[in-house]
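> My questions concern the predicted model and sequence given below.
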Amino acid sequence: MSMISASAAVKIDRIDPTDWYVGMKDATLQLMVYGPNIREANVTTDYPGVAIDSLIRLDSPNYLLVYLNLKDAQAGEMTLNFKVGKQQKKVKYMLKNREMAGERRMGFTNADVLYMLMPDRFANGNPNNNAYKTMRDKTIDRQAPSLRHGGDLEGIRQHLDYFTELGVTALWFTPVLENDSPSDGKSSSYHGYATTDYYRVDPRFGTNADYRRLADEAHSKGLKIVMDMIFNHCGYFHPWVADMPSKDWFNTSEWLSPENQTAEHQKNIGTIDGVAKVNDKYLQTSYKLTPVIDPYASKVDLHETVDGWFVPSMPDLNQRNTHVIRYLIQNSEWWIETVGIDGIRMDTYPYADRDAMAHWMKVLGEEYPNFNTVGETWVTEPAYTAAWQKDSKLYEKNSYLPTVMDFAFFDRINQAKNEDTDEWWNGMNRIYNVLCYDYLYPNPKSVMAFVENHDTDRFLGEGKDSVALKQALALLLTINRIPQLYYGTEVMMNGTKTVTDGYVRQDFPGGWASDKHNAFTAEGRTKAENDMFRWISNLLHWRKGNEVITKGSQTQFITYKGVYVVARQYKGKSVMTVINGKREAAELDVKRYAEIIGETVKATDVTTGRHVSLNKNVKLRPRQTMILEF
């Protein structure tokens, strides 16, 4: 965007979005204009096919919302004329052609395996962008678990071949947008969840052009890109906080008013990030998500969940404000069109207004019918999660959200790993007893399952129990789900959140030039790391394009003498995942599984490549895992 000024009296600092696209199904474009006293401006344009529908003058004098209709517009450089009294300014604004129709944007599906990583902790491909004098946080300290370590988009790009070698098909990384927040010397916003500019990649991660280059090269190697977004909140140092566009732009923001900053109002509270200093007007979310769909929920409980702030450093956006949700909808569309992302993971989904989020999903679904979005719905009961999925009959309002996260599977597999499987509830019974409720989901194959992520303890905890990990991953990669892996699982990375989240978000070994341990190569990995890498890579490559797993029916058997079996079948082919859930030898009773095995006498164990005879019972070692294909 370039600006031609007829007079210095009219000043425009920025316009969001920075440019836009013609040919969208929804022809409306909201421009958010920032500038001193810009609220008083009148705006005109003579660009062919563009009409100005309305000007919205907000509470703050320093914002103006311009709503345009682009129904008949063609791509080109549009001139917007801003006039305040006798002073005026002409602003050039680019309208672009789309690279493809929205129907051609194909999202991730259950044929994919998502690999989730944190850019700051994966690899430092460009040390020159580690810190900037113009940004509030200039710290890089790899010894501090909650400070910035220097990883970036270039580091991810340089390791695209690693992902293809491993066998994953999609990359989801935590938010890459600008987080210009200060560090207190102990913690920082390295994680990316405190956005201060919705249209700019954080320069410590790279540039918008770097993001596009990464997406293009990933696509050329058969890898999809899933963008992490946050509509519930922004960062405290977003310009909207110091100068609120309107009094209802944020929820419960009165604690920021000058009259509440006196000593008698001050207090300390506990949040998910530890102790924070606020005042008695501050409303903290309860972190309890059930009131959002509880038919008996009290108003106070719902208010605390949805309108309370996640933490004091992340102001709670009011999606009920139609201009706020319009801004956020356009932002998601802009990144789809500009970078070519293949999916969205929406953070803290139920904390935002349910109706507004449903509207966003409906608009996105109409514009991109084959795209995919997964929402973080952190409750460990299937009935809760299922109620959030598109077309659910469990709730009176449609969410239009295609994919939900399976926290129930995560919860049960992390309990089962420490137990022997008995005849009722413990061990692998927990998995059976959660999958049996799949009838609650309108679309079970569009549920994203995982055994760990950036907000949980590592599956291995402080240990190295590869046997338990293989059982969990064998199930994850063969059941009727979209699987998600967490970076470093393939090389046995472990850790817990006992002290801080940073210990489950450690640097990937070999991502920094100074690292002595390089887990990106077979030569650099230890024997145990190589064993796990080869085991999971073999399974991932076998899964890729395997229609038995992505299209097949699913049958599960109640655990029998400690053995749990889940079978998939499609067009005469079968796969049986066999788990010995006991710490002692067991036996697969082939007659019990005759409805799957039929007349088959020989199968191949995918995990080893060995043949297994099915005309007699199969001996199983303690906690052995088999994936039998026949």
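It's in.

> Check the spacing between the residue of the chain most remote from its centre and Val578 real quick.
Within the chain, the residue lying farthest from the chain centre (C-alpha atoms, centre = their mean) is Lys86, at 48.4 Å. In this structure, Lys86 and Val578 are 82 Å apart, going by C-beta to C-beta, to the nearest Å. From N, CA and C alone the C-beta is placed, and that goes for glycine too.

> residue contacts, the residue farthest from the centre of the chain?
Lys86 is in contact with no residue at all, counting by C-beta atoms under 8 Å, 6 or more residues apart in numbering.

> list the contacts for Asp280?
Contacts for Asp280 were tallied using C-beta under 8 Å, 6+ apart; they are Asn260, His265, Lys267.

> gap between Gln88 and Val10?
Here Gln88 is placed at a distance of 6 Å from Val10 (C-beta to C-beta).

> for Ser183, that is, sorry about that
Using C-beta to C-beta, Ser183 is found at 37 Å from Val10.

> which neighbours do Gln88 and Val10 share?
Shared contacts of Gln88 and Val10, counting by C-beta under 8 Å, 6+ apart, come down to Phe82.

> Any regions of this structure where pLDDT drops low?
Segments of the chain classed as low confidence (criterion: pLDDT under 70) are 1-8.

> ok, Ile336 - how many residues close by?
Residues within reach of Ile336, counting by other C-beta atoms under 10 Å, total 23.

> switch to numbering from 25
Yes, from this point I'll number from 25; that puts the last item at Ile360.

> Do I have it right that it meets Phe395?
Yes: A contact is recorded between Ile360 and Phe395 when judged using C-beta atoms under 8 Å, the distance being 7.1 Å.

> Give me the common contacts of these two.
The overlap between the contact sets of Ile360 and Phe395 (C-beta under 8 Å, 6+ apart) consists of Arg129.

> Would you mind telling me which of Ser207 and Val34 has the busier surroundings?
For the pair Ser207 and Val34, the greater number of neighbours falls to Val34 (23 against 18), based on other C-beta under 10 Å.

> What sits closest to the more buried one if chain neighbours are left out?
Computed as C-beta to C-beta, 6 or more residues apart in numbering, the closest residue to Val34 that is not its neighbour in sequence is Lys113, at 4.0 Å.

> Now do that neighbour: how many residues are near it, please.
Neighbourhood size, Lys113 [other C-beta under 10 Å]: 22.

> And stretch 597-611, what's buried?
Along stretch 597-611, the positions that meet the burial threshold by neighbour count (16 or more other C-beta atoms under 10 Å) are Ser598, Val599, Met600, Thr601, Val602, Ile603, Asn604, Gly605, Lys606, Ala610.

> cool, stretch 433-443 as well?
Neighbour-count burial for stretch 433-443, counted by 16+ other C-beta under 10 Å, picks out Phe433, Phe434, Asp435, Arg436, Ile437, Asn438, Ala440, Lys441, Glu443.

> Distance of the fifth one relative to Gly451?
Ile437 sits 10 Å away from Gly451 when distances are taken as C-beta to C-beta.

> swap in the third one?
With distances defined as C-beta to C-beta, the gap from Asp435 to Gly451 amounts to 14 Å.

> what does Asp50 give?
The value you get for Asp50 to Gly451, if C-beta to C-beta is used, is 51 Å.

> The two: which is more packed in?
Gly451 (26 against 13).

> In a helix, the more buried one, correct?
No: checked against DSSP: H, G, I helix; E, B strand; the rest coil, Gly451 lies outside a helix; its state is coil.

> wait, what's in contact with it?
For Gly451, the contact set (C-beta under 8 Å, 6+ apart) comprises Ala440, Glu443, Asp444, Thr445, Thr583, Gly586, Tyr588, Gly605, Lys606.

> redo that, cut-off 7 Å
With contact taken as C-beta atoms under 7 Å, 6 or more residues apart in numbering, Gly451 is in contact with Ala440, Glu443, Asp444, Thr445, Gly605.

> Go ahead and confirm the fourth one touches Arg607.
This means Thr445. No: under the criterion of C-beta atoms under 7 Å, Thr445 makes no contact with Arg607, lying 9.5 Å away.

> Reformat the contacts of Asp304 as a markdown table; add neighbour count and distance to Asn232.
Written out in a markdown table, the entries for those read as follows (neighbours: other C-beta atoms under 10 Å; distance: C-beta to C-beta, whole Å):
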| residue | neighbour count | distance to Asn232 |
| --- | --- | --- |
| Asn284 | 16 | 38 |
| His289 | 15 | 41 |
| Lys291 | 12 | 41 |
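
> and which of the residues you listed is nearest Tyr594?
Using C-beta to C-beta, Lys291 is the member of the contacts of Asp304 that lies nearest Tyr594, at 59.5 Å.

> Need phi/psi at the residue lying closest to that closest one once chain neighbours are set aside.
Spatially, and ignoring its direct neighbours in sequence, Lys291 is nearest to Asp304 (5.8 Å; C-beta to C-beta, 6+ apart). Backbone torsions for Asp304, taken as degrees, to the nearest 10, come to phi -70, psi 0.

> Equivalent analysis for Glu514, please.
phi -70, psi -10.

> ok, now Met124?
Dihedral pair for Met124: phi -160, psi 160, per degrees, to the nearest 10.

> and the closest residue to Asn450 other than its chain neighbours, what helix or strand is that in?
Sequence neighbours aside, Glu443 is the residue nearest to Asn450 in space, at 4.4 Å (criterion: C-beta to C-beta, 6+ apart). Following DSSP states H and E, one finds Glu443 outside all helices and strands.

> Hmm, Glu443 is touching Trp449, no?
No: using C-beta under 7 Å, Glu443 is not in contact with Trp449; the gap is 9.1 Å.

> For Leu195, give its distance to Lys120.
Note on Leu195: its distance to Lys120, by C-beta to C-beta, is 26 Å.

> should've said Phe261
The spacing between Phe261 and Lys120, counted by C-beta to C-beta, is 30 Å.

> With neighbour numbers in mind, choose between those two.
Higher neighbour count among Phe261 and Lys120: Phe261, with 21 against 14, using other C-beta under 10 Å.

> got the contact list for the more buried one?
When contacts are counted by C-beta under 7 Å, 6+ apart, Phe261 touches Arg160, Asp204, Ser205, Thr220.

> Counting neighbours, what do you get for the first one?
In this case it means Arg160. If you count neighbours by other C-beta under 10 Å, Arg160 ends up with 14.

> Distance check, the residue found closest to it once you drop the neighbours it is linked to in the chain against Met159.
By the measure of C-beta to C-beta, 6+ apart, the closest residue to Arg160 outside its immediate chain neighbours is Pro206, 4.1 Å from it. Computed as C-beta to C-beta, the Pro206 to Met159 distance reads 9 Å.

> What is the end-to-end distance of stretch 193-201?
Taking C-alpha to C-alpha, to the nearest Å, the span from the opening residue of stretch 193-201 to its closing residue is 23 Å.

> coming back round to it: what residues are shared contacts of Pro206 and Met159?
Residues touching both Pro206 and Met159 do not exist when contact is defined as C-beta under 7 Å, 6+ apart.

> The most centrally placed residue in the chain sits in which helix or strand?
Taking C-alpha atoms, centre = their mean, the centroid of the chain lies closest to Arg369, which sits 3.1 Å from it. Taking DSSP H and E as the definition, one finds Arg369 inside strand 367-370.

> hmm, who's touching that strand?
Surrounding strand 367-370, the residues in contact under the criterion C-beta under 7 Å, 6+ apart are 131-132, 196, 248, 250-253, 255, 356, 395-400.

> Only whichever of those are buried, select them in PyMOL.
In PyMOL, selecting the buried portion of the contacts of strand 367-370, with burial taken from 16+ other C-beta under 10 Å, looks like this:
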select buried, resi 131+132+196+248+250+251+252+253+255+356+395+396+397+398+399+400
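
> Tell me which of the contacts of strand 367-370 fall in helices.
Restricting the contacts of strand 367-370 to those inside helices, with DSSP state H as the criterion, leaves Ser356.
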